[in-house]
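J.: Dropping a prediction and its sequence here:
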Amino acid sequence: MIKPEFFDDPDVGDLSLAARLLFLGLLTQADRRGRLKDDPKRLRARLLPYDAVVDAEALLQTLTAAGFLVRYVVEGRAYLQIRSFEKHQRPHPREAESEIPGPPADALIRPSREKVRPRRVKDMPSNADPKSGVLILDSGVRNLEHGADRAKPARPPAAAGRVAPAFDAFWALYPRKTAKTAALKAWTALNPTAALQRTITEALAWQVARDDWLRDGGKYIPHPATWLHRGQWQDEPPPAASLLSDVGRQNLANGRLAVARILGRES
């Protein structure tokens, strides 16, 4: 059940109608811990089946940036965590325990915002009870008593002189030039070592030749930020280049040439 206050929450109001609808749908898909698989294509098919033009990946990025979701990867698999889900929901006692691993503890700390809109007393329901099983969204409101809006600890400097060229090399090789800011944010959060950068580059060298990436003008190529969030550099390559199309083999050759040039500059 959703409290009426959801609909006049100012942070919810900043979202598009499609993002609000998707978020409500995510509540129906999450397990008792508020977790579910991060699969934009499947979520769009389940929750927005009549909106073929909707970009579920972009909506998930919006919800994450707004502080409603946490996206994370465990052992190469991507998951979503709905913030404050357990605080406001009371699942059925017989509901199965979550089989999805939780996100890192620091990922659940809500990042500070430039503007925090405190709720006025008259805006808060007089009978609001966190034990009622009713969802009351935490959307950036400071809770000083419990420290719910602590600033996220600063990451160690990620060698700024190294990150930009490394990301530029990744961006140049990645075939879908979409949401560059989100991709840079994902890259910076990953902060890959030199060895991992090589692994990522070498993985892209064969993935750009995948037939599913070449189909329909690249329609099925994931957004670069999604590719990084999911750790898709760990995907298994095809057994043999002979299984690729002619265009795929040409792309594979071009990708390997680009890898040789990039790695040559780093050495």
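T.: Cool, the structure landed.

J.: Would you map the helices across the stretch 151-267 of the chain?
T.: For the stretch 151-267 of the chain, the helices defined by DSSP state H, counting those that start in this stretch cover 160-173, 180-190, 194-207, 211-214, 224-229, 246-266.

J.: Would you single out the least confident of the ones you listed?
T.: Mean pLDDT across the helices of the stretch 151-267 of the chain is lowest at helix 246-266; the value there is a mean of 62.

J.: which other residues reach stretch 28-41?
T.: With C-beta atoms under 8 Å, 6 or more residues apart in numbering as the test, stretch 28-41 has contacts from 26, 43, 46-47, 56-57, 60, 71, 77-83, 85-86, 89, 91, 95-100, 102, 226, 229-230. All C-beta atoms are positioned from the backbone trio N, CA, C, and that covers glycine.

J.: Grab the nearest non-local neighbour of Leu190.
T.: The shortest distance from Leu190 to any non-neighbouring residue, by C-beta to C-beta, 6 or more residues apart in numbering, is to Leu228 (5.9 Å).

J.: Look up how far Gln197 lies from that neighbour.
T.: Remark: distance between Leu228 and Gln197 (C-beta to C-beta, to the nearest Å) = 12 Å.

J.: swap in Thr178?
T.: Counting by C-beta to C-beta, the gap from Thr178 to Gln197 is 21 Å.

J.: cool, and Ala179?
T.: 20 Å.

J.: Mind checking which of those two has more residues around it?
T.: Taking other C-beta atoms under 10 Å, Ala179 and Gln197 do not tie; Gln197 has more neighbours (22 against 18).

J.: That one is in contact with Phe167, isn't it?
T.: No - when contacts are counted by C-beta atoms under 8 Å, Gln197 is not listed as touching Phe167 (9.4 Å).

J.: tell me, what's touching those two both at once?
T.: Shared contacts of Gln197 and Phe167 (C-beta under 8 Å, 6+ apart): none.

J.: Of the contacts of stretch 28-41, grab the buried ones for PyMOL.
T.: Entered in PyMOL, the line below selects the buried ones among these, by 16 or more other C-beta atoms under 10 Å:
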select buried, resi 26+43+47+56+57+60+71+78+79+80+81+82+83+85+89+91+100+102+226+229+230
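
J.: and the contacts of stretch 28-41, which of them are in helices?
T.: The subset of the contacts of stretch 28-41 located in helices under the criterion DSSP state H comprises 26, 43, 46-47, 56-57, 60, 85-86, 226, 229.

J.: Can you classify Arg32 by secondary structure?
T.: When classified by DSSP: H, G, I helix; E, B strand; the rest coil, Arg32 comes out as coil.

J.: how about it, phi and psi?
T.: Here is the backbone geometry of Arg32 (degrees, to the nearest 10): phi -70, psi -20.

J.: Who are the contact partners of Pro224?
T.: Contact analysis of Pro224 by C-beta under 8 Å, 6+ apart lists 170-171, 174, 176, 178-180, 182-183, 186.

J.: This completes my enquiry, with thanks.
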